[in-house]
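# pasting the structure only:
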DNA sequence: TTACATGCAAACTGTTTGCAAATAT
DNA sequence: ATATTTGCAAACAGTTTGCATGTAA
């Protein structure tokens, strides 16, 4: 049982998108939305739940992340690599991806701009423009030292 | 045995990057580099080899694609999704990704520009900036009709 | 009390690896 | 002759799914 503070907010947040506020969805929502702008993988969220002694199966984590994404509470970030990343910031924005430790960071919305986006080829339309600025940590400096999540 | 035309070119191309020109590497190089700007997945290349009756194992395709990438003959494109995409155009450029049929297309180098790339966080440096313009085909229109590869 | 959600294990996809047999130099 | 490469099958990671059990309304 994680916190109790904002249970009602979370409950209605789930209800609003048509998801039953079950114990596990509540707990995951609390972990995800209590702080701003998180970037999680299924595995990472699973470990986080473990850390606060919340019992949940990995399958349910996957299902829940997908449901939250469909419901618009999360957005999936397209970094290649085998893992799926979920971002609690669903607005239009771009990302740093640190290749040294596979961490994602938001790029503040107003710094970066893409100009001259070509028209979509005939019969298609643009759904989104994703920019990933790939980073490596310089020798001697630990990428891990920078705030992640 | 695919073609015979430019065997010498391909052979020296492989030698130049320190790879022995084996039968299977030659065949794959021929498939990949005969035409410009290809985007392949391992599976797709495997099927292509089958189509021209070249016997090769999928494991070798994977190994070869990775070797070619390390050698700088290919570059991996970071479209999320489970599959790895390899691009024969190793220069700096961006991509359309058609979500309807999972195909990649190059965006001509000079159309698109990213401005205001923020500085890398302390201790890190930018290795690359990737832009993916995601597309869907409009109803009624087949994305597949557009030239792929 | 009925429809929906969960947990488990098994299935599945894309990819990598260990090792014996085949090939390049 | 020697080192490298190949192919196979097995291993592997991440993710999804089928189904019996548990839970929310």
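It's in. Keep in mind that this is a model prediction, so the values were computed, not measured.
# Output the below-cut-off pLDDT ranges for chain A.
Scanning chain A for pLDDT under 70 picks out A:1-5, A:140-149.
# at 80 what do you get?
Under the criterion pLDDT under 80, the flagged ranges of chain A are A:1-6, A:8, A:109, A:139-149.
# center of it - which residue?
Per C-alpha atoms, centre = their mean, the C-alpha nearest to the average position across chain A is that of residue A:87, at 1.8 Å.
# doesn't residue A:33 make contact with that one?
No: assessed by C-beta atoms under 8 Å, residue A:87 is found out of contact with residue A:33, at 11.9 Å. To be clear about C-beta, it is placed using only N, CA and C from the backbone, and glycine gets the same treatment.
# do the helix or strand hosting residue A:66 and DNA strand C meet at all?
According to DSSP states H and E, residue A:66 maps onto helix A:58-70. Yes: judged by C-beta under 7 Å from any atom of the strand, helix A:58-70 comes into contact with DNA strand C at A:59, A:60, A:63, A:64.
# mind listing what's buried in the helix or strand residue A:10 falls within?
Using DSSP H and E, residue A:10 sits within helix A:7-16. Buried positions in helix A:7-16, judged by neighbour count with 16 or more other C-beta atoms under 10 Å in any protein chain shown: A:10, A:13, A:14.
# filter these by proximity to DNA strand D?
Applying C-beta under 7 Å from any atom of the strand to the buried residues of helix A:7-16, none is adjacent to DNA strand D.
# what angle do the helix holding residue A:10 and helix A:58-70 make?
70 degrees (axes from the mean of the first three to the mean of the last three C-alpha atoms, to 10 degrees).
# Identify the residues contacting helix A:7-16?
A:20, A:21, A:25, A:26, A:29, A:30, A:33, A:73 (C-beta atoms under 8 Å, 6 or more residues apart in numbering or on different chains).
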